[in-house]
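Student: return a 3D structure for these sequence lines:
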Amino acid sequence: EARRGMPDIDPTIEMGPVLEIILSRDDARDRSWSIHLPWRAVVATDLAHYEGIGWVFAPSLNYEMRRGGWDLGAAVGPLYASEKYHDYFYEVTPDFASATRPAYDAAGGYSGSRLTFTASRRFRSFWVGAFARYDDLSGAAFDDSPLLKKETSFMAGVGIAWILAESK
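Tutor: Coordinates of the predicted model:
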């Protein structure tokens, strides 16, 4: 509703490296603490065309452990992005401004914080995984955007993969 009359935005794809720093590993108890430093270039595409829309950086503190055959994890950290990335989602150019939607130019920088929980397990011929994620955009560089209607979100999902064959 907030984007009514504005051009549609395309889905995005992120690609890039991640530096993983192991802080502590206890092999006897199958658990570890680490810091992940992923930097991603972002492309918006509808598969007919594409557009580079900046970058995102999402450092996190991660805890991973194995219990009863399950791989469990938790991660928490801030999010940062370029001005071009924030503009793609939160900018309102003057030609799309209205009485209820003022013009707005997003700044780059802090994009909120994220808390994620994961669980996965490999069985004989299939794999199952699940996640739950909470995002909080309070204090983000774009928090004055008329397109931002909600500062928090919760997502969850489940995936199942059937393993048809594997190499030795």
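
Student: where does this structure dip in pLDDT?
Tutor: The chain contains no residues with pLDDT under 70.

Student: can you give me the strands in it?
Tutor: 12-15, 18-26, 31-45, 50-57, 60-67, 70-81, 109-122, 126-136, 152-162 (DSSP state E).

Student: tell me what angle the third one forms with strand 70-81.
Tutor: Spelled out, that is strand 31-45. 50 degrees (axes from the mean of the first three to the mean of the last three Cα atoms, to 10 degrees).

Student: tell me how far residue 136 lies from residue 151.
Tutor: 7 Å (Cβ to Cβ, to the nearest Å). For glycine as for every other residue, the C-beta is placed from the backbone atoms N, C-alpha and C.

Student: and for the two, which residues touch both?
Tutor: Both residue 136 and residue 151 are contacted by residue 112, under the criterion Cβ atoms under 8 Å, 6 or more residues apart in numbering.

Student: related to what we said a few turns ago, wait, which of the strands of the chain is closest to residue 93?
Tutor: strand 50-57 (15.0 Å; Cβ to Cβ).

Student: got the buried residues for the closest one?
Tutor: For strand 50-57, a neighbour-count test (16 or more other Cβ atoms under 10 Å) marks 53-57 as buried.

Student: which residue comes closest to residue 129 once chain neighbours are left out?
Tutor: residue 120 (3.7 Å; Cβ to Cβ, 6 or more residues apart in numbering).
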